[in-house]
Each structure stands twice: as C-alpha cells, then as structure tokens.
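In: Pasting the sequence and the predicted coordinates here, then a few questions.
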Amino acid sequence: MEIVKRMNGHLYVPDVQATACCEIKAGIKRKARDTQDSSHHIIGEGMLTASEGTAAKLPKLNSVQRTAKGEQFLLYDSGEDDAHRFLIFGMLQQSKIWLADGTFKTAPPFFAQVYVVHGLRGGDDPMKTGHLLPSLFVLLPNKTENTYRRVWEQIHLLCPLVQPEQILLHFEKGAINSFEHVWPNTVVKCCFLHPTQNTWRHVQSAYTHDEELAMRIRKIPALAFARPADVPKLFEQVAWTSPLRLR
C-alpha cells in the first residue's frame, strides 16, 4: 500500500449551544400551536432554561413576528385575556378592491375560522389585468357581527389612510353590516357562489328527481342577474309560480 497524500486531520466539536437553541425554538413553536398564551409569555418562558451563550444565539423577540424579508407579519393580537381573542397577520398593501371570505375546515385549534382578505392590485384596470393577492389572515373565535366589527375597526386603525372602493363579501349579514359601519362609502358586493351553494344544499335531493321543480329552483339564483330594482317583483313571480314545497 502506498500513501499518495496525507490530509490534515479535522476535529469538529459539537455545538452544544446550537443544539440547545433548536430545542428551545421547537418548544416555543409547540406551545404556540397548542396554547393561547401570548407570544411574549411563550418566548419568555422558553428563555428561562437558556444559558447566557444560548440566549445570545436565539433570535430577538421582534424577529419572530416578522417575515423572512423583515416585514411585520403579526399586526395585532387582542390578547390572551380577551374572551373573544383574535389575531391579524399580513402585510398592509394599498388596494382599492378587496375580496374577503372565511374558511372553517382549516381553522387552527382554539379558533373557529380563518378569515382572509385579498387585495386586487396591478395594471390600469385591476379588474381585468390585476392580480389577486392574499394580504390579511385573521384568526377568529366566531362569526358574530361584533367580532367582525372589531376586526374591521382594528384594520382601519392599523392603516387609517386605506379606503377601499369595492369589497366582495360572502352573504353573511354580520360581515356586511360591520364592514359598512367602518367604511360606509365603500361599494359592497356579494359572491354569487354562496347563495347558489346554499340553495343546492337544501334542495339537491328533489332537484335531481323533479324536472319542473329543478327549473323553478334555477330561477332563484338567476335573480342575481336582474336589475336590482326588478328583483322584488321577480322574486314574487318565482314564489307564486313555484310548488308549495318550494315556498
């Protein structure tokens, strides 16, 4: 055997502080996921076991509330003492057209829904050439009108100069009333999909077995395409010409 070249030996000393940092950060993430404690309390409790050297390597408190680009992401937390606590995440952007809706199936523990506000931005005519970008994510404990109002009021306080021209909401009276209370001059429109889904949910069995009834049912969501002034009269016509079980 011939030794061609002798390499210098390397000794890699384990980084105990780096390991401790990973353990502390994992514990903080776990507690943030499983409890409703404030971020200050969770981080402070996690730091109790950190040595001076380990603490120096951990990120500062403010940085855990920011995006990778350094932008503030946690915009508001109503606090752990709030019986109806809610949190607002996102990046406030200038947008004249908003779209907002909630999802209940993907809500994290301790919250009833994730409410997302999108902003339409870009191009001379955003409705035709713009891009729909998620801007705010709100963790809500319920869907009451009072909670929605608190959210809209807080968003208005965070960005008082924002004045959306239009917003598209789902057909939920609490969300609509609360938004109009905060931004009375904004044009509020509602998503056509929701009443259609709601109608289908109640009549799907009869719809698939009765052709005449199916025709009458289709006229209900079609009212959305009529002139607003004509809707009451057309609705009465649909109601009086429909089978009794549909009234």
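Out: That came in fine, so what should we check first?

In: Now do the SS call for the residue most central in space within the chain.
Out: What sits nearest the mean C-alpha location of the chain, by Cα atoms, centre = their mean, is residue 116, with 2.6 Å. Following DSSP: H, G, I helix; E, B strand; the rest coil, residue 116 is assigned to strand.

In: Quick check: it touching residue 140?
Out: No: Residue 116 is beyond contact range of residue 140, at 10.8 Å (criterion: Cβ atoms under 8 Å). To be clear about C-beta, it is placed using only N, CA and C from the backbone, and glycine gets the same treatment.

In: overlap in contacts of the two?
Out: By Cβ atoms under 8 Å, 6 or more residues apart in numbering, residue 116 and residue 140 have these common neighbours: residue 102.

In: May I see the buried residues of stretch 27-35?
Out: Within stretch 27-35, the residues that count as buried by 16 or more other Cβ atoms under 10 Å are 28, 32.

In: Give me the mean pLDDT for that stretch.
Out: For stretch 27-35, the mean pLDDT works out to 76.

In: do stretch 74-84 as well
Out: The pLDDT scores in stretch 74-84 average 89.

In: just the helices in the protein please.
Out: 16-34, 39-47, 52-57, 126-129, 145-158, 173-182, 193-207, 211-222, 231-240 (DSSP state H).

In: wait, what's in contact with residue 190?
Out: The contact partners of residue 190, by Cβ under 8 Å, 6+ apart, come to 168-171, 176.

In: Going by neighbour count, which of these are buried?
Out: Listed as buried from the contacts of residue 190 are 168-169, 176; burial here means 16+ other Cβ under 10 Å.

In: Make TSV out of those residues and add pLDDT.
Out: Shown next, in TSV, are the buried ones among the contacts of residue 190 (pLDDT from 0 to 100):
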residue	pLDDT
168	91
169	92
176	94
